[in-house]
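J.: Based on what follows, work out the 3D shape:
(one chain, ligands or ions: 1)
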Amino acid sequence: MSRRFCLALCAAGGLLSACGGGRTPPPRPNVVLISVDSLRADHLGCYGYSRSTSPTIDRLAAEGALFEVVTSSSSWTLPAHAALFTALPDSAHGVDRGSRKLEAERRTLAEALRAAGYRTAGVWSGPLLDPRFGFGQGFDAYVSHAETEEDWDRAVERSHQAVTGPSVLARVEELLDSGGPGPLFLFVHLWDVHYDYIPPAPYDTLFAADYSGEVDGRDLVDYLRMGLEDLSQADLRRLTALYDGEIAWTDRQIGTILEMLEQRGLADDTLVVVTSDHGEELFEHGSFGHKRKLFDESIRIPLVVGYPDRIAAGLRIAQPAAIVDVAPTILELAGAEPLPDVLGRSLVPLLEGGSSLPPAPVVAELVDDPRTGELLLAVRSPEWKILVRPKSGRTIGLWDLEADPFEQTNVFRVDPELTASAVAGLRSALAELEHLRDRHAHASSTEAAESLPADLLREMESLGYLDLAVPQEAEGPLRASPNPIRVCDGTGIGVTTLVWDVADAGGLLEIRVDGPHGKLFARTAASGSAATGPWARDGMVFVLVAADTGEVLGSTIVRVTRAGCQAD
Ligand SMILES: [Zn+2]
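T.: Below you'll find the predicted structure:
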């Protein structure tokens, strides 16, 4: 019986199962997994957005399946991609802060597919997908979108200002044509939706042609310090229009990838999965960007699955899913062995239509104090979301998602029934997380900071992924005044930059850390500017000293805060 004939007979369910009396061996489709960085679900047409940002993804959803409520593991790139690849929550895969990398002992989606006979290839286009974070494991080829090392250096240095879509497509084409035995697993990371918002024409004016203000989508890392009061409504509309323009531009890149599959006759035999790592705050809860909070605008992601030969068209699945479910689902559809002991589960029963899965905890985590490991934990059900600080036992809030989908009114203890339900769900989630951490503790992530080169550290800082410090008033009669100081958390990684304006100091200057040892960390001839290593601590006093006389020219206390930064 031909497959086409089989499908004509068996298309009643969602997933078009093989028919006939005997069990057919599992198919081995090609798999293309596309992660669009910073793409929030509710800005896509197929998720109900009013603007036509996503004709390609909408078409993929119409021809395949769409999961309506999908939650990421966090609100930033590094842990979310580790969760995508391992099906583990952040506190179990361990890559929950910028100083950590995915350990080789972790089993990944690419490794499982390779073990099942797949050729595995990945294209990455943002600095946090760098193989130095451990993301290359399991890939036969894991390549940067940049053609040359020089291009990549340039892109890393200014990645938030780079337009990477075309070079990603060039690498995708090369990998599709690289040939070889076995089906192909291709992972594609598309970076352009990530701030800055600088879509090429005509996408830059597609949704806001009449704006005359100053918002141009550039230097958006500065917006991490801003509040809604710093923008006019017209500015905010322009900012949103540029974000939407980036989505439309990126949707076109996805369209080109699908065309490449069609041109090669691969479209019918390829499972295409489009998702994202996290969303983006556009001041819904007072701030901009991501890696700041865990409200839905920054953790609800799209999940659209197309596989013409096996998934019935137009399936919309309401049962909640999570980023950790992506890998188990792909593995089952690919007929590969599942990842052992993971939080994620295969969504194939839902793709079969008519089935449902038992309720399971949906969690998102955000370490917002790497020194102590203090984190925000969100646990979500279809009815509620509760946000807590598990280490200190504090509840931040509870939201009734049915009555208040935009999470504006905290009803913790105000609504006793919902509170009881959420607390029970929270307990269950905490128990599951503890179990998973124990199961995976043997491969706890090690600090990657020492092995990460300065270019990567600088880039992370430029993206706002490191904590910022605010300077306190200089003390004493000083001739040097500190300018705003940027400092990473002491146990994280990053570059601390201290800048002093020094009036007629002359001679050699030294910047020392005040204290028993007076540690010297910089010596500079002409200015009071220096960068430290990853060891700056909250409350450290830095002094600027004239090297020849020992005279203290200025001092400042650095205070590591997250206020106005990414995780307040
Ligand atoms: Zn991201």
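
J.: Phi, psi for Pro131 please.
T.: Backbone geometry at Pro131, expressed as degrees, to the nearest 10, gives phi -60, psi -20.

J.: isn't it right up against Tyr142?
T.: Yes. In this structure, Pro131 is within contact of Tyr142 by Cβ atoms under 8 Å, at 5.6 Å. All C-beta spots, glycine's among them, are computed from the backbone N, C-alpha and C.

J.: Neighbour count for these two, which is higher?
T.: Tyr142 (19 against 16; other Cβ atoms under 10 Å).

J.: how close does Ala334 sit to Tyr118?
T.: Distance from Ala334 to Tyr118, counting by Cβ to Cβ, to the nearest Å: 7 Å.

J.: Which neighbours do the two have in common?
T.: Any residue near both Ala334 and Tyr118 by Cβ atoms under 8 Å, 6 or more residues apart in numbering counts here, and that gives 28, 31, 183, 185.

J.: Quick one: which of those is the most crowded by neighbours?
T.: Phe185 (28 neighbours).

J.: one step back: which residues do Pro131 and Tyr142 both contact?
T.: Between them, Pro131 and Tyr142 share these contacting residues under Cβ under 8 Å, 6+ apart: Trp124.

J.: can you redo the shared contacts of Ala334 and Tyr118 as CSV with pLDDT, secondary structure and distance to the ion?
T.: CSV is the format used below for those (pLDDT from 0 to 100; DSSP: H, G, I helix; E, B strand; the rest coil; distance: Cβ to the ion, whole Å):
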residue, pLDDT, secondary structure, distance to the ion
Arg28, 89, coil, 30
Val31, 97, strand, 21
Pro183, 94, coil, 28
Phe185, 98, strand, 21
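
J.: Looking at those, spot the one nearest Glu246.
T.: For Glu246, the closest of the shared contacts of Ala334 and Tyr118 turns out to be Val31, at 25.7 Å, with distances computed as Cβ to Cβ.

J.: any idea how far the closest one lies from Ala87?
T.: 15 Å.

J.: what does Trp191 give?
T.: The span separating Trp191 from Ala87 equals 23 Å under the rule Cβ to Cβ.

J.: Neighbour count: these two, which is higher?
T.: When neighbours are counted by other Cβ under 10 Å, Trp191 and Ala87 differ, and Ala87 comes out ahead with 32 against 27.

J.: now, the most widely separated pair of the shared contacts of Ala334 and Tyr118?
T.: Every pair in those was compared (Cβ to Cβ); the two farthest apart turn out to be Arg28 and Phe185, at 10.2 Å.

J.: if I look at these two, which residues touch both of them?
T.: If you check Arg28 and Phe185 against Cβ under 8 Å, 6+ apart, the residues they both contact are 118, 334.

J.: Just the terminal-to-terminal distance for stretch 345-356.
T.: Distance across stretch 345-356, first residue to last, is 12 Å (Cα to Cα, to the nearest Å).

J.: outside of it, which residues touch it?
T.: For stretch 345-356, the external contacting residues (Cβ under 8 Å, 6+ apart) are 13-15, 17, 65, 67, 305, 311-312, 315, 317, 319, 321, 325, 328-329, 331-333, 338, 357, 360.

J.: Equivalent analysis for stretch 161-168, please.
T.: With contact meaning Cβ under 8 Å, 6+ apart, stretch 161-168 is reached by 123, 125-126, 145-147, 151, 154-155, 188-192, 196, 198-200, 218, 249-250, 252-253.

J.: Give me the buried entries from those residues.
T.: For the contacts of stretch 161-168, a burial check counting by 16 or more other Cβ atoms under 10 Å picks out 123, 125-126, 145-146, 155, 188-192, 196, 198-199, 249-250, 252-253.

J.: which ones among those are found in helices?
T.: Residues of those located in helices (DSSP state H): 155, 249-250, 252-253.

J.: Now do the same contact list for the closest residue to the ion within the stretch 301-450 of the chain.
T.: Nearest residue of the stretch 301-450 of the chain to the ion (Cβ to the ion) works out as Ile301 at 10.1 Å. If you count contacts by Cβ under 8 Å, 6+ apart, Ile301 has them with 39-41, 70-72, 275-279, 323.

J.: Pick out whichever of these sits closest to the ion.
T.: Nearest member of the contacts of Ile301 to the ion, counting by Cβ to the ion, is Asp277, at 4.2 Å.

J.: Which strand or helix spans the residue nearest to the closest one when sequence neighbours are not counted?
T.: Nearest residue to Asp277 in three dimensions, chain neighbours excluded: Ala80, at 3.8 Å (Cβ to Cβ, 6 or more residues apart in numbering). Element membership of Ala80 [criterion: DSSP states H and E] is helix 77-86.

J.: and that helix, how far from the chain's centre?
T.: On the basis of Cα atoms, centre = their mean, to the nearest Å, helix 77-86 sits 7 Å off its chain's mean C-alpha point.

J.: for stretch 394-406, same thing?
T.: Here stretch 394-406 shows a centroid-to-chain-centroid distance of 23 Å under the convention Cα atoms, centre = their mean.

J.: Let's see the pLDDT reported for Gly126.
T.: Gly126 is assigned a pLDDT of 84 by the prediction.

J.: I meant to write Arg4 there.
T.: According to the predicted model, the pLDDT of Arg4 comes to 31.

J.: Now do the same contact list for the closest residue to the ion within the chain.
T.: With Cβ to the ion as the measure, the residue in the chain that lies nearest the ion is Thr77; the distance is 3.0 Å. The contact partners of Thr77, taken as Cβ under 8 Å, 6+ apart, are 37-38, 126, 128-129, 194, 277-278.

J.: And for Leu430?
T.: Contacts for Leu430 were tallied using Cβ under 8 Å, 6+ apart; they are 377, 390.

J.: Can you tell me the element it falls in?
T.: Per DSSP H and E: helix 416-439 holds Leu430.

J.: quick one: the helices in the stretch 51-200 of the chain?
T.: When secondary structure is read from DSSP state H, counting those that start in this stretch, the stretch 51-200 of the chain shows helices at 55-63, 77-86, 90-93, 109-115, 149-157, 165-176.

J.: what's the helix or strand for the nearest residue to Gly227 once chain neighbours are set aside?
T.: Excluding the flanking residues, the one nearest Gly227 by Cβ to Cβ, 6+ apart is Gly286, at 5.8 Å. When elements are assigned from DSSP H and E, Gly286 belongs to no helix and no strand.
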